[in-house]
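In: Pasted the sequence and its predicted model underneath.
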Protein chains: 2
Amino acid sequence: MKVLALSGGVGGAKLALGLANVLAPEDLTIMTNTGDDFTHLGLRICPDLDTVMYTLAGIANPDVGWGRKDESWDFMKSLSSIGGEDWFQLGDRDLAIHVERTRRLSEGESLSEVTAALSSKLGVRHALVPMSDDEIATVVETPEGELPFQHYFVRDRCDHHVNAVRFDGADKAALSPGIIQALADPDLGVIVICPSNPFLSVDPLLSIPGARAALKNSPAPVVAVSPIVGGRAIKGPTAKMMTEMGMPTTPSSVAKHYGDLLDGFIMDEVDGLEALAVDKLGINAILSKTIMNTLGDKMHLAEVSLNFALGLKG
Amino acid sequence: MKVLALSGGVGGAKLALGLANVLAPEDLTIMTNTGDDFTHLGLRICPDLDTVMYTLAGIANPDVGWGRKDESWDFMKSLSSIGGEDWFQLGDRDLAIHVERTRRLSEGESLSEVTAALSSKLGVRHALVPMSDDEIATVVETPEGELPFQHYFVRDRCDHHVNAVRFDGADKAALSPGIIQALADPDLGVIVICPSNPFLSVDPLLSIPGARAALKNSPAPVVAVSPIVGGRAIKGPTAKMMTEMGMPTTPSSVAKHYGDLLDGFIMDEVDGLEALAVDKLGINAILSKTIMNTLGDKMHLAEVSLNFALGLKG
């Protein structure tokens, strides 16, 4: 039985790590959002992809949702001192990934190929694939105008009202070979949407032509873990954005957003009152501990997600 | 009275620092060789220019002829660990210069503009200008085939017989605005060719159409300092290359190479026996201490060079 996990950054990376610890390398494909990717200082930077890669490699910074542990910042200090753009922090070790990725891309390798090579070098054993090899750029529409995603997210620390989000290039993009292969595998048994921001981390994938239908039409059940717990997001602007876009900050609101894509929905134990609302959407729901602090938490939620999905199969 | 200094890397940078310590910022233009420049890992790297810039800024590594002092190497270690090209060492702080330069160049700034901006940010007060804003690439012809300069110089540690050196792109290149301006200045009183490798650091400049004539026709006397002392080069492959190209490793051999470009030639005190040979070339010669260890040594040689040149004027 094989599993396909769809992940954004930090929350998704936690469950991806849990799944990687309960599944053999040949049984798990982890797809990451690339809508956050951008070109900065001439370097191609893939924040979600790198967060998942560093997490799986055991070298992620445990204190923040990005970058590497034991990092140094001499490049950044030097760049600041000569008046360079310093709003996006790039550690000295992290920087090597961006430089090498940019070099490989410029020589014609696809993002899938580069990702496979880099994650292998870092000791990642499970398949890590970008959602697409084509460039897709998340753009946030605000009363102050349109903003490239990282300008909204990092530079301006989400300090804008979000009217809408769109994904430039998605209409002409194709799914990456790795996700197509995972979806075509007759042994695919479960698709897990990790607890990532639906609007910023999962919608970019769903905006690729055919992607939503391919997921929905897969014989494998699709289960999602709510990123909203007790009316708040564990990390990031999910709840803030939902409020701004006129949605209740509830798990059922997330389930409704995914709609008929879902066969099952996993909510935190604190959100028991939401079960009825999700049930009314025709989506099976269960409660679980979803806040993942320890590796044990991550493995537990991975097992809960897989068992729940397998129970839906019949 | 204004001065134009022509410099390569480490040896030239020492005399450039001496000149900068005896001349006001508005009275000195330092031109550096750009034939060593290359694009590596997607970054535009200018080794000679940076050596001079770091030396003038007081942040050069005093132990080797390149890079910055108090440098860290986490980027390089990380790059090595993921299988990146690691034969050209790039320190974390140094890297910021290359990233920012590459970004500025890609946005349409000229190398002259970028160099002015970066050297100003680093606190360099004298004018530092590249020899050209056009790309000129030094290529070393060896029995093993042609080699881009940094492959010969850094990767292979000069471990090739040099048959000849050529400068790709020079025939279509123009002098930089800074050097044209310096040569056109009616107050230009002295042109100093620093003790750099004639074949690798000065010939690239002289291969630009009109450059040699512009220097020769300037009313200002041209004096060069010999990079060969007692049959050897202080640093780098000058003597080795001269042997390979069938030239005696003597100061007079360097003077002969520059030929009628020179009005005066400064040799080390140990090379007194060479005076007659240089005199026979029709070039005035003096002896001086030319090995520059201390700042005092550098300032002394700067003053010797200027006084010698001014004496030739009449």
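Out: Alright, I've got the coordinates. Numbers count the residues shown, from 1 in each chain, chains lettered A, B, ... in the order given.
In: following the helix or strand bottoming out on mean pLDDT in chain A, which helix or strand shows up next?
Out: Least confident helix or strand, chain A: strand A:232-233 with a mean of 86, by mean pLDDT, DSSP states H and E. Scanning forward in sequence from strand A:232-233 by DSSP states H and E, the next helix or strand is helix A:238-244.
In: in that following helix, what counts as buried?
Out: Residues of helix A:238-244 classed as buried by neighbour count (16 or more other CB atoms under 10 Å in any protein chain shown): A:238-242, A:244. C-beta here means a position set from N, CA and C on the backbone, and glycine is covered the same way.
In: now, the most widely separated pair of those residues?
Out: Greatest spacing in the buried residues of helix A:238-244, by CB to CB: A:Thr238 and A:Glu244 (10.9 Å).
In: So for the longest helix seen in chain A, mean pLDDT?
Out: In chain A, with assignment by DSSP state H, the single longest helix is helix A:295-312. Per-residue pLDDT over helix A:295-312 has a mean of 97.
In: which strands and helices sit next to that helix?
Out: Using 3 or more CB pairs under 8 Å, 6 or more residues apart in numbering or on different chains; DSSP states H and E, the elements in contact with helix A:295-312 are helix A:10-22, strand A:188-193, strand A:222-225, strand A:264-268, strand A:284-288.
In: excluding its backbone neighbours, what's nearest A:Val223?
Out: A:Gly264 (3.9 Å; CB to CB, 6 or more residues apart in numbering or on different chains).
In: Can you list the buried residues in stretch A:161-176?
Out: Quick answer for stretch A:161-176 (16+ other CB under 10 Å): A:162, A:165, A:167-170, A:173, A:175-176.
In: nearest to A:Leu56, of the residues you listed?
Out: A:Ser176 (17.2 Å).
In: so that closest one touches A:Ser132, yeah?
Out: Yes. Judged on CB atoms under 8 Å, A:Ser176 makes contact with A:Ser132 at a distance of 5.3 Å.
In: what's the overlap in contacts for these two?
Out: A:Leu111 (CB atoms under 8 Å, 6 or more residues apart in numbering or on different chains).
In: residue boundaries of the helices in chain A?
Out: Going by DSSP H, chain A shows helices at A:10-22, A:47-57, A:74-81, A:92-106, A:111-121, A:149-150, A:177-184, A:203-206, A:211-217, A:238-244, A:251-258, A:275-280, A:295-312.
In: sorry, back to before: need the buried residues of helix A:238-244 in TSV with pLDDT and distance to B:Ala277, can you?
Out: Listed next are the buried residues of helix A:238-244 as TSV, based on pLDDT from 0 to 100; distance: CB to CB, whole Å:
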residue	pLDDT	distance to B:Ala277
A:Thr238	92	81
A:Ala239	92	84
A:Lys240	92	80
A:Met241	93	80
A:Met242	94	85
A:Glu244	94	83
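In: Can you sort out which of those residues also neighbour chain B?
Out: When these are checked against chain B using CB under 8 Å from any CB of the partner chain, none falls in range.
In: rewinding a little: verify the stated contact: the residue nearest to A:Val223 with A:Leu312.
Out: Yes. Using CB under 8 Å, A:Gly264 makes contact with A:Leu312 at a distance of 5.1 Å.
In: Look at those two and report which has more neighbours.
Out: Per other CB atoms under 10 Å in any protein chain shown, whichever of A:Gly264 and A:Leu312 has more neighbours is A:Gly264, with 22 against 17.
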